[in-house]
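I'll drop the sequence and a predicted model, then ask my questions.
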Amino acid sequence: MIALGSSMERPASHRGAARASLGVRAVAARLLGWSLLGAFAVAVLYPVLWMVLSGFKDNQEIFNQPWAPPGELRWENYARAWDLGVVRYFTNSVIVTGASILATTLISAWAAYGLCRLRLPFGNAVALLVLGGLLLSPTVALIPLFRLLTSIGLFDTHWALIVLYTAFRIPFTIFLIRAYMIELPRAVDEAATIDGATRTQVFWRVILPMCRPILVSAALLQALFAWNEFAFALVFISDEALKTLPVGLVAMQSRLLTDWPVVLAGLTMAALPTILLFLVGQRQFLRGLTEGVGK
Amino acid sequence: MGALLTRWRTWLWVLPAVALLLVFVYYPIVDNLRLSFFSWNAFSPEPRFVGLDNYAEAFADPVFWRALLNNTAYAVVSLVFQAGLSLVLAALLEELVGKRMRGLLRTLYFIPAAMSITVAGVLFSFLYNPRYGLVNAALDAVGLGHLGRAWLGEESSAIWSVIAMSQWQSIGYTAVLFVVAIQRIPREYYEAARVDGSGAVRTFFSITVPMVREMTTLIVILTISGAFLVFNEVMVMTAGGPDNSSQVLGTWLYRKAFFEDDMGYAAGVATVIFVITFAIAALQLAVSRRRRYDT
């Protein structure tokens, strides 16, 4: 702050001189900066663009003119990819993602409510348990989970994925929702309680509606996670008919070895939902990410 | 008695979360530690106690060390790109680009992170294809054709090619997190620096870098622990090959458990991953706790 104060006292002419002296070097630096940003944008975008466009090509075009745009838009590649398995994987992903979004946000919102609004016996122990859950990773749990799921009959069912996607994302989601709920004025639930509402009514009619923005963020992040999850889906589903997109696409790639356009069309279709979701809900996404990362 | 019952009834709010965490997150970690002291496989489901043999076997196994080394390489490269370069990109974005364009670029940069790792992995395995891939075609086009190779098929380049893809997918994500952190820096600091005639580079190092320190710490931690947990992209692109040259701890444990049916050994590897990532995560908690008490 001291530096700030002293610089404010400088005469304006001084400022102008300093700026002018930057001159050529400053322009060169800006140019360099811009080209770095531009190069990065191209590097990021080009593979994605190539994927989408190649999905419209035929094999000849992909192999002989990899850089050229497709000669015509062959929608039949997309139709074929859809029929050759994407439709099934897609449906499975929708089921698993949808169910786990519902379960995760609801269970987390309950727990967040319990943790920050009610005086829970051993509430601190519960908070610690949730916090500790953030430190435990899925990879480490693969073998015991394989045994556990087999013994309770969930192995090779959608339930396995729904339950695991929920359990492993609860800690993060609870903290996300809790950070938001804690900021809500207590006067609101007190007023409702005085009016004769029970705790359950306060939760459903007062707290939950007020938490909508953060619930949307939580749901979006869960969608991104569940739609893209690979390790659990690989190990705990073996029935081809139950596979979700991430695993199904790999299976499809090895099945259609030489049919690049169809595989690329499948990839494009698999990527589309989360990219669209991100584009539409960008603000909620970022809020969730930065809140979740920062707390 | 009635009052006590009412107090415990509040537990119903956290019960689903606690139960899921205990059964599917905590129990597997403990069980994994126990299993790592046993030898067992699908054919002899009755585990036999072998003490530390699994660990001894792992530590004497060159593939284990190779995997650990690959994880370390993953961590180092990811730090350079995701904690270093992405901060530079974020700063450039804030410094040079007008408001509307900035939003557009930020969205673009994030797109790969919204795609699933499988989509990215399969896409890049096409790009890396020795005969028809864009990478070799691009090298040819600029007269560096002799550098072309079977990127994922050769021991010397497989893991690096996977790591490169991973940077492509994640840089934009951390850059966006840095953008948010930079936007939280009070504008006056930059004005003051400008008035003082401080150049862009100096401003970056004397204001931006120290002011986003908290986010940097967080990204460093997330990046390192992510590098030791990595599984998906390696599995999709090389499955650890050729000749185990691109194994990481995660894929090595998967292979040992589900292909070579050496569950005890695999559980041992999982415990090693757990110890590494837990230590890193605990470090993060300690650091962020201290920060919070400091301010």
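Nice, I can see it.

so residue 283, which of the three states?
No chain in the question, so chain A it is. Using DSSP: H, G, I helix; E, B strand; the rest coil, the structure places A:R283 in helix.

My question was about chain B, not that one.
Under three-state DSSP, B:L283 comes out as helix.

check contacts around the most centrally placed residue in chain B.
Most central in chain B under CA atoms, centre = their mean is B:G226, positioned 2.2 Å from the mean C-alpha point. Residues near B:G226 by CB atoms under 8 Å, 6 or more residues apart in numbering or on different chains: B:S78. (Glycine included, C-beta is placed from N, CA and C.)

Report the secondary structure element holding it.
Assessed by DSSP states H and E, B:G226 sits inside helix B:213-229.

quick check: mean pLDDT across the helix or strand that that helix is followed by?
Per DSSP H and E, the first helix or strand lying C-terminal to helix B:213-229 is helix B:232-237. Throughout helix B:232-237, pLDDT has a mean value of 93.

For the next helix or strand after helix B:232-237, give me every contacting residue.
Downstream of helix B:232-237, the first helix or strand assigned by DSSP H and E is helix B:249-258. Identification of contacts with helix B:249-258 by CB under 8 Å, 6+ apart yields A:139, A:142-143, A:146, A:231, A:235, B:63-64, B:67-68, B:71, B:228-231, B:234-235, B:239-240, B:244, B:247, B:262-263, B:265-267, B:269-270, B:272-273.

From those, list just the buried residues.
Neighbour counting by 16 or more other CB atoms under 10 Å in any protein chain shown classes A:139, A:142-143, A:146, A:231, A:235, B:63-64, B:67-68, B:71, B:228-231, B:234-235, B:240, B:244, B:247, B:262-263, B:265-267, B:269-270, B:272-273 among the contacts of helix B:249-258 as buried.

where do the strands sit along the stretch 51-200 of chain A?
In order along the chain, the stretch 51-200 of chain A carries no strands (DSSP state E, counting those that start in this stretch).

Actually, chain B.
Taking DSSP state E to define them, one finds strands in chain B at B:38-39, B:48-49.

Sketch out the low-pLDDT regions of the stretch 51-200 of chain A for me.
Nowhere does the stretch 51-200 of chain A drop to pLDDT under 70.

from it, which residue is nearest to chain B?
Of all residues in the stretch 51-200 of chain A, A:G114 sits closest to chain B, at 3.2 Å by CB to the nearest CB.

Grab the nearest non-local neighbour of that residue.
B:W13 (3.2 Å; CB to CB, 6 or more residues apart in numbering or on different chains).

tell me the contacts of A:L149?
Applying CB under 8 Å, 6+ apart, the residues near A:L149 are A:F155, A:A160, A:F236.

JSON lines for those, including distance to chain B and neighbour count?
Below are these laid out as JSON lines (distance: CB to the nearest CB, whole Å; neighbours: other CB atoms under 10 Å in any protein chain shown):
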{"residue": "A:F155", "distance to chain B": "13", "neighbour count": "18"}
{"residue": "A:A160", "distance to chain B": "10", "neighbour count": "26"}
{"residue": "A:F236", "distance to chain B": "11", "neighbour count": "22"}
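
For the closest residue to B:G153 other than its chain neighbours, give me phi and psi.
Distances taken as CB to CB, 6+ apart place B:P242 nearest to B:G153, at 6.1 Å, with adjacent residues excluded. In terms of degrees, to the nearest 10, the main-chain angles of B:P242 are phi -80, psi 140.

Hmm, B:S156 and B:P242 touching each other?
No: B:P242 lies out of contact with B:S156 (CB atoms under 8 Å); the separation is 10.1 Å.

neighbour count winner among these two?
B:P242 (14 against 9; other CB atoms under 10 Å in any protein chain shown).

how far away is the more buried one from A:T104?
Remark: distance between B:P242 and A:T104 (CB to CB, to the nearest Å) = 39 Å.

For residue 236, which non-adjacent residue is closest in space?
You didn't pick a chain, so chain A it is. Counting by CB to CB, 6+ apart, A:F236 lies nearest to A:A160, which is 4.5 Å off, once chain neighbours are set aside.

that's the wrong chain, I wanted chain B
Using CB to CB, 6+ apart and skipping the chain neighbours, the partner closest in space to B:V236 is B:G121 (3.4 Å).
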